[in-house]
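Student: here's my sequence, what's the structure:
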Amino acid sequence: MKKLLRKLTFTPSTEDISDGKVSHSQILPQSSPPPPKIYFSHVPKCAGSSVYLSLKKDIYTPHRLGEFDIKLQESKYAADILETSMMSVRETVLAYNLSIKSNFFGRGHCFCRPNLIRNFYHEWNFLTVLRDPIERWISLYVYNSFKESKWSKNTLPLNKYIQSNKGIVAGQTFLYYFSNLSLTRNPSPADYIEQALSNLQQFSIVGTTKHLHLLANQVSEDFKVNLNIPQINISPNSELAQQIKSETGTLKKIEKICEYDIELYNRFLDNLGPIYSKKTQRNT
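Tutor: Numbers count the residues shown, from 1 in each chain. You can find the predicted model right below:
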């Protein structure tokens, strides 16, 4: 099991240092204060790759402190071996890595349910970015349909995808990521909106894609570091995305699929604004 967990993630260890894989000069000097411990909860198609790379480059890479990235294909491989769900493997790997004292930074496409946040938020700063659920759903469909990678590639036409379980689950992504919706066999998504909203308020910072500059400013204010957020993973077919948005009937169907995530997103904006900082809230 330990070998499997090490394959799923990478963290520089004392053996890595002694073997010369990580030099002592790359480790943070003891006289310097350590950077904050940050886990970035990467919701698909929410500018996560851009934010992750900026955090990694600007805060952690210079010191080569313990980092982990929950791998996609490796988590599926492990799930097949263990005859369990891929997300269950990822959640286990996440809790395992958050428990390692030498880790300082991590990210992954992984649920951050309330119990996990409750047990680790005193030591770790949890960050995430939200996006308008309809825009996120369309972006995910287009990206998975036209990307070069075969990983999670979609082959269904839009009218079939909207009716599929994958399409429906994609419309409830925020609830799956931030509440216990995934634990029930006969879910009633509306019952988990309040739980997800309360859980997000235990995160150190929650940003929105339309206001990434506010996210960068908040990270700078809270953690005394500067972020330069690049734009990557651009849609491989932006014309199709615009076409879908212009079709009123199709848009209404997508809105119906996303209705619970939309309510959560709108309540977040109404109650907390386009950028939320737990530290700022605590000081007001």
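Student: wait, what's in contact with Val51?
Tutor: 40, 127, 129, 207, 212, 215, 227, 229 (CB atoms under 8 Å, 6 or more residues apart in numbering). For every residue, glycine as well, the C-beta is placed using N, CA and C.
Student: those in helices, which ones?
Tutor: Counted as lying in helices by DSSP state H, out of these, are 212, 215.
Student: for Leu269, helix, strand, or coil?
Tutor: helix (DSSP: H, G, I helix; E, B strand; the rest coil).
Student: got the phi and psi for Asp108?
Tutor: In this structure residue 108 is Gly, not Asp. With angles defined as degrees, to the nearest 10, Gly108 sits at phi 180, psi 160.
Student: let me fix that: Gln201
Tutor: The phi/psi pair for Gln201 (degrees, to the nearest 10) reads phi -80, psi -10.
Student: could you report the neighbour count for it?
Tutor: The tally of other residues near Gln201 (other CB atoms under 10 Å) stands at 15.
Student: what of the one 4 residues further on?
Tutor: Applying the criterion other CB under 10 Å, we find 24 residues in the vicinity of Ile205.
Student: what's opposite it in the beta bridge?
Tutor: On the basis of DSSP bridges, Ile205 is bridged to Leu127, Ser277.
Student: surely it is in contact with Gln218?
Tutor: Yes - counting by CB atoms under 8 Å, Ile205 does reach Gln218; the two are 5.4 Å apart.
Student: which residues are common contacts for these two?
Tutor: Joint contacts of Ile205 and Gln218 (CB under 8 Å, 6+ apart) are 275, 277.
Student: coming back round to it: narrow the contacts of Val51 to just the buried residues.
Tutor: Neighbour counting with 16 or more other CB atoms under 10 Å marks 40, 127, 129, 207, 212, 215, 227, 229 as buried within those.
Student: show the contacting residues for the residue most central in space within the chain.
Tutor: The centroid of the chain falls nearest to His42 when counting by CA atoms, centre = their mean (1.5 Å). By CB under 8 Å, 6+ apart, His42 lies in contact with 48-49, 52, 107-110, 128.
Student: in these, find the pair that's most separated.
Tutor: Ser49 and Cys110 (14.9 Å; CB to CB).
Student: more neighbours, the two?
Tutor: Neighbour comparison, Ser49 and Cys110: the larger count goes to Cys110, with 24 against 16 (by other CB under 10 Å).
Student: the more buried one: which element?
Tutor: Here Cys110 is covered by no helix or strand, with elements defined by DSSP states H and E.
Student: hmm, back to that, out of the contacts of Val51, which is nearest to Lys76?
Tutor: When these are compared against Lys76 (criterion: CB to CB), the nearest one is Phe40, at 20.9 Å.
Student: wasn't Ile254 part of a helix?
Tutor: Yes - secondary structure of Ile254 (three-state DSSP): part of a helix.
Student: measure it to Pro133 for me?
Tutor: Using CB to CB, to the nearest Å, Ile254 is found at 9 Å from Pro133.
Student: any common contacting residues for these two?
Tutor: Gly171.
Student: contact partners for Ala190?
Tutor: Contact analysis of Ala190 by CB under 8 Å, 6+ apart lists 260, 263.
Student: please read the previous query as pertaining to Gly48.
Tutor: 40, 42, 107, 129.
Student: ok, which pair from those is furthest apart?
Tutor: Across the contacts of Gly48 (CB to CB), the longest gap, 11.4 Å, separates Arg107 and Val129.
Student: show me which of the contacts of Gly48 is closest to Lys160.
Tutor: Of the contacts of Gly48, the one sitting nearest to Lys160 (CB to CB) turns out to be His42, at 27.3 Å.
Student: got a pLDDT number for that closest one?
Tutor: We have a pLDDT of 95 for His42.
Student: ignoring the adjacent residues along the chain, who's closest to it?
Tutor: With sequence-adjacent residues excluded and distances taken as CB to CB, 6 or more residues apart in numbering, His42 is closest to Gly48, at 3.8 Å.
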